[in-house]
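**Student:** Any chance you can model this:
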Amino acid sequence: MSPSPSNPSLLYSDVHALYSDHHVWLVSWLRRRLRDTDNAADMAHDTFLYVLGKPEQVAHLREPRAWLSSIAKGLLIDRFRRQQVERAYLDAIANLPEQDVPSPQERLILLQTLTRIDALLDGLRPRVRTAFLLSRLEGLGYQAIAGRLGVSVSSVEKYMATAIRHCFLARNSL
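**Tutor:** Numbers count the residues shown, from 1 in each chain. A predicted model of the protein is given here:
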């Protein structure tokens, strides 16, 4: 009997079997990459949380370890990027006067926002990304951006069109 969305217990029994058969392997695989048992266990947990969101895919797996490692790699990349954003943010606020330093709650909100922006802009070429950020965050016009990047205004127009289209498509796929 093949699992279907109308029979969630079969879907989740497949997830349970996947977990039982491959959890130890996945933690070991992650431990070799991270060189840290606690983080490996956390990442394995996150990987299976992702799997729980896609139980219908589990029944059709031919290479479960390849699928799990692919998910885990993506989560590792996301984690690394989040850590980079967090380090850059903490470096940026390190020299602020004490009265200007955001509260812990504001920091969390800002970090979550920066992480979402970073994910949204992922995949853009560096100049396109820079042009977009100069326009949206610094309020620069196309002429000023062209001067800053050493390109023509028409190049900036193309960069902006590309970035806006990319953001629109990325936002709709979330």
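
**Student:** where does the chain dip in pLDDT?
**Tutor:** 1-11, 173-174 (pLDDT under 70).

**Student:** residues touching Arg33, list them.
**Tutor:** 40, 76 (CB atoms under 8 Å, 6 or more residues apart in numbering). Quick note: C-beta positions are derived from backbone N, CA and C, even for glycine.

**Student:** and with 10 Å instead?
**Tutor:** 39-40, 43, 69, 72-73, 76 (CB atoms under 10 Å, 6 or more residues apart in numbering).

**Student:** give me the element it is part of.
**Tutor:** helix 8-34 (DSSP states H and E).

**Student:** repeat for Leu96
**Tutor:** Using DSSP H and E, Leu96 falls outside every helix and strand.

**Student:** what's around the spatially closest residue to Tyr50 that is not a sequence neighbour, how many residues?
**Tutor:** Nearest residue to Tyr50 in three dimensions, chain neighbours excluded: Ile71, at 5.4 Å (CB to CB, 6 or more residues apart in numbering). Using other CB atoms under 10 Å, Ile71 has 19 neighbouring residues.

**Student:** ok, now Val24?
**Tutor:** 11.

**Student:** all numbers from here: first residue = 19
**Tutor:** Will do, 19 is the new start, and the previous item becomes Val42.

**Student:** Show the subsequent helix or strand relative to the host helix or strand of Ile135.
**Tutor:** Under the criterion of DSSP H and E, Ile135 resides in helix 122-139. Later in the chain than helix 122-139, the nearest helix or strand by DSSP H and E is helix 144-156.

**Student:** what packs against that next one?
**Tutor:** For helix 144-156, the contact count by 3 or more CB pairs under 10 Å, 6 or more residues apart in numbering; DSSP states H and E identifies helix 122-139, helix 160-167, helix 171-191 as packing neighbours.

**Student:** returning to what we had before: give me the buried stretch members for the helix holding Arg51, please.
**Tutor:** For helix 26-52, burial by neighbour count (16 or more other CB atoms under 10 Å) applies to 29, 32-33, 36-37, 40-41, 44-45, 47-49, 52.

**Student:** Likewise for stretch 104-112?
**Tutor:** In stretch 104-112, counting by 16+ other CB under 10 Å, buried: Tyr107.

**Student:** for stretch 63-72, same thing?
**Tutor:** Using 16+ other CB under 10 Å as the test for burial, stretch 63-72 gives 64-66, 69.

**Student:** ok so, going back, how far off centre is the helix holding Arg51?
**Tutor:** Centroid displacement of helix 26-52 relative to its chain, using CA atoms, centre = their mean, to the nearest Å, is 22 Å.

**Student:** No further questions, thank you.
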